[in-house]
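[1] sequence? don't have it. structure:
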């Protein structure tokens, strides 16, 4: 039972949020606040909520009157058991970055895959093969999008498992023909660890780093030395936020 004072406190506001363990790098709040201002939605708010764990997730949703929220590192896969249902894309990927609240039920969606696909298509790069750094929720969304585009890909992991994964030590020995893409789907190099890079000497013709704070990242700068074409994750952030808003907005109708 939700206390009555919570009901009266939150009844008039439409509250949205981003959850993750560390959110100092995020631009999501600025993006959504700008959207709400542009649309004249003065009863809508978007906040950053750092969570050391997902324990108490439902209580947080209920007590704060949350209408929907985005999910970032490291909870995109871990959150799934806390949800009541997933849409077909999130289920196929096995990762969630957008949750809508419908009554007392939590529904998981994935907007990372569609956003990455659109952002990569905007580059016009001619890619026939890809390596995806990481095996977490973002990496799974990237791999799903690449396969939708007909681009074979392999995960690169510090603890590789299965035929679709290789180790970082193997990456350095891989040939990188003109049609090979390297995607960083790890948090390495993200603010505040801006001097770090997941790959010491990235000699690939195309590099897409999902990180957008900072930009360029150390990985992008090092790849550019080899003449690579590079792209950060800012456009992808905006695209996935637009897609998330469509899910949030539909739940308000």
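    Done, it's in. Nothing here was measured: the structure is a model prediction, and the numbers come from that model.

[2] what is the mean pLDDT for the longest helix anywhere in the chain?
    The single longest helix within the chain, with elements called by DSSP state H, is helix 234-252. What helix 234-252 shows for mean pLDDT is 95.

[3] report the distance from it to the chain centre.
    Remark: helix 234-252 is offset 12 Å from the chain centroid, using CA atoms, centre = their mean, to the nearest Å.

[4] tell me which residues of that helix come out buried.
    Of all the residues in helix 234-252, those buried under the rule 16 or more other CB atoms under 10 Å are 234-241, 243-245, 247-248. All C-beta spots, glycine's among them, are computed from the backbone N, C-alpha and C.

[5] stretch 192-210 too?
    The neighbour-count check on stretch 192-210 (16+ other CB under 10 Å) flags 197-199, 202-210 as buried.

[6] what segments of the stretch 101-250 of the chain are helices?
    Secondary structure of the stretch 101-250 of the chain by DSSP state H, counting those that start in this stretch: the helices cover 112-123, 137-148, 168-171, 218-225, 234-252.

[7] adding distance to residue 58, write these out as JSON lines.
    Below are the helices of the stretch 101-250 of the chain laid out as JSON lines (distance: least, CB to CB, whole Å):
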{"stretch": "helix 112-123", "distance to residue 58": "23"}
{"stretch": "helix 137-148", "distance to residue 58": "20"}
{"stretch": "helix 168-171", "distance to residue 58": "38"}
{"stretch": "helix 218-225", "distance to residue 58": "37"}
{"stretch": "helix 234-252", "distance to residue 58": "17"}
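
[8] and of those helices, who's closest to residue 191?
    Closest of these to residue 191 is helix 218-225, at 11.6 Å (criterion: CB to CB).

[9] show me how far the closest one is from its chain's centre.
    Helix 218-225 has its C-alpha centroid displaced from the chain centroid by 22 Å (CA atoms, centre = their mean).

[10] by contact count, what packs against it?
    Under the contact definition 3 or more CB pairs under 8 Å, 6 or more residues apart in numbering; DSSP states H and E, helix 218-225 sits against strand 206-209, strand 229-231.

[11] redo those as CSV? Include mean pLDDT and distance to residue 189.
    Putting the helices and strands packed on helix 218-225 into CSV (pLDDT from 0 to 100; distance: least, CB to CB, whole Å) gives the following:
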stretch, mean pLDDT, distance to residue 189
strand 206-209, 98, 7
strand 229-231, 98, 12
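
[12] rebuild the ones you listed as a markdown table, extending it with distance to residue 114.
    Output for the helices and strands packed on helix 218-225, formatted as a markdown table (distance: least, CB to CB, whole Å):
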| stretch | distance to residue 114 |
| --- | --- |
| strand 206-209 | 15 |
| strand 229-231 | 17 |
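
[13] hmm, back to that, from the buried residues of stretch 192-210, pick the one nearest residue 47.
    Residue 47 lies nearest to residue 210 out of these, by CB to CB, at 22.7 Å.

[14] need the contact list for the nearest residue to the closest one once chain neighbours are set aside.
    Nearest residue to residue 210, sequence neighbours excluded (CB to CB, 6 or more residues apart in numbering): residue 233, at 3.9 Å. Residues near residue 233 by CB atoms under 8 Å, 6 or more residues apart in numbering: 119, 208-212.

[15] now residue 233: how far from residue 197?
    Separation of residue 233 from residue 197 (CB to CB, to the nearest Å): 15 Å.

[16] how about residue 167?
    On the measure of CB to CB, residue 167 and residue 197 end up 17 Å apart.

[17] residue 102 too?
    The value you get for residue 102 to residue 197, if CB to CB is used, is 41 Å.

[18] just residue 160 next, same as before
    Taking CB to CB as the measure, residue 160 falls 20 Å from residue 197.

[19] before we move on, what about residue 235?
    Distance from residue 235 to residue 197, counting by CB to CB: 21 Å.

[20] ok, residue 133 next?
    Distance, residue 133 to residue 197, by CB to CB: 10 Å.
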